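Peer 1: Need coordinates for the following:
(one chain, ligands or ions: 1)
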Amino acid sequence: MLKLGVNIDHTATLRQARYKGYTHGEPDPVSVALLCEEAGADGITAHLREDRRHIQDRDIFALRQQIKTRLNMEMANNPEMVEIALRLKPDIVCIVPERRQEVTTEGGLDALGQESSLTETVRRLKDSGIEVSLFLSPDTAQIEAARRIGSQFIELHTGAFAEACYVGPDAEEAEVQRLITAANQAHQLGLKVNAGHGINYTNIRQIYRVPHLVELNIGHSIISRSVTVGIVRAVQEMLELMKEYKQ
Ligand code: PXP
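Peer 2: Below you'll find the predicted structure:
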C-alpha cells in the first residue's frame, strides 16, 4: 500500500511567524506530528534548513524521541547537517538542494554535479544505519547518478507536474509521462521510489499513474487543509484518496 509521510515544516513556519527567537510558541510541530500518526500517517518528514527558517534543532530531536512511525529528515548535503543526522539517527535522510532565497525546495538535487561528495555523505549515513534518498527531478542522468552514489531511494520531484496542472492538460500529461519514465528507470536500476512536492487533494489522482511508488511526502496541502478541518481529518482524507493507488 502507498505510504504517506506528512511534512510538518509549515506548522513550524506558522510558529516562527510569531515566535522567532523564542524557545516556546504554538503550534508545536511535535504535537501536530503525533496527531498525524494518530490519523494513520506512515511517517513524519521535517526539513532542518541551514537558515532554520521553520524547523529548529529542538523540534527535530523532540520528533525523534516522540514519534512512533518513521522520521524522514530532509537536509542539504553539508558537513553541519551530516553531523546532526549522525547524532539524530532518523530512519531515513532525504538529501535536498537548498538555495537561500527559495521559498521552498524548488528543483531537484544536482546528483551528477556533486557525485563524489554525495557518495561520501551517503556512505557515512548508511554506515550508521540510516537509509538515504535523493530528491531528484525526473531526469535520466540524475537517476543514473543516484544509483552510482549508492542511495537506496530516490524521491521524484513532482513540483513541475504540480505547476503543469495549472497550465493545461498537455503540459500536465507531459509531466506525468516524465514521472512514469523516471519511476520505471529507477525501479529497473534497483532504486526504491518516493515522490513529493506540490501534491494536493486534486492532482494526486494523476500521480497514481506513476508506477513503483513506495511513499508520497506531502506537506503544504495537508497543513493548509488542517486550518479548516483539523489535522486528523486532513490526513485521513489524503489517506482515503491514496487507497486508489494500484501498484
Ligand atoms: N518532498 C521534499 C523533498 C520537499 O522538500 C518537500 C517540501 O518542499 C516536500 C516533499 C513537500 O512538498 P509540499 O509541501 O509541496 O507538499
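Peer 1: which ones are touching the residue nearest to the spatial centre of the chain?
Peer 2: The chain has Asn217 as the residue nearest its centroid, 4.5 Å off, counting by Cα atoms, centre = their mean. By Cβ atoms under 8 Å, 6 or more residues apart in numbering, Asn217 lies in contact with 5-7, 45, 72, 94, 155, 194-197. Glycine gets a C-beta too; all of them are placed from N, C-alpha and C.
Peer 1: Intersect the residues you listed with the contacts of the ligand.
Peer 2: By Cβ under 6 Å from any ligand atom, the members of those lying near the ligand are 7, 94, 155, 196-197.
Peer 1: Please indicate which of the residues you listed has the highest neighbour count?
Peer 2: Glu155 (30 neighbours; other Cβ atoms under 10 Å).
Peer 1: Select from the ones next to the ligand among the contacts of Asn217 every entry located in strands.
Peer 2: Mapping these onto strands (DSSP state E) picks out 7, 94, 155, 196.
Peer 1: Can you report how many residues neighbour the residue nearest to the first one when sequence neighbours are not counted?
Peer 2: What that stands for is Asn7. Leaving aside its chain neighbours, Asn7 sits nearest to Gly219 (2.9 Å; criterion: Cβ to Cβ, 6 or more residues apart in numbering). Neighbourhood size, Gly219 [other Cβ under 10 Å]: 24.
Peer 1: what's the burial count for the residue nearest to Leu241 when sequence neighbours are not counted?
Peer 2: Of all residues not flanking Leu241 in the chain, Ile204 sits nearest, at 5.6 Å (Cβ to Cβ, 6+ apart). Ile204 has 19 neighbours, counted by other Cβ under 10 Å.
Peer 1: Go ahead and confirm Ile204 touches Leu239.
Peer 2: No - using Cβ atoms under 8 Å, Ile204 and Leu239 do not qualify as a contacting pair, with a distance of 11.0 Å.
Peer 1: Could I get the buried residue list for the helix or strand hosting Val30?
Peer 2: Assessed by DSSP states H and E, Val30 sits inside helix 29-38. By neighbour count on 16 or more other Cβ atoms under 10 Å, the buried set for helix 29-38 is 29-30, 32-37.
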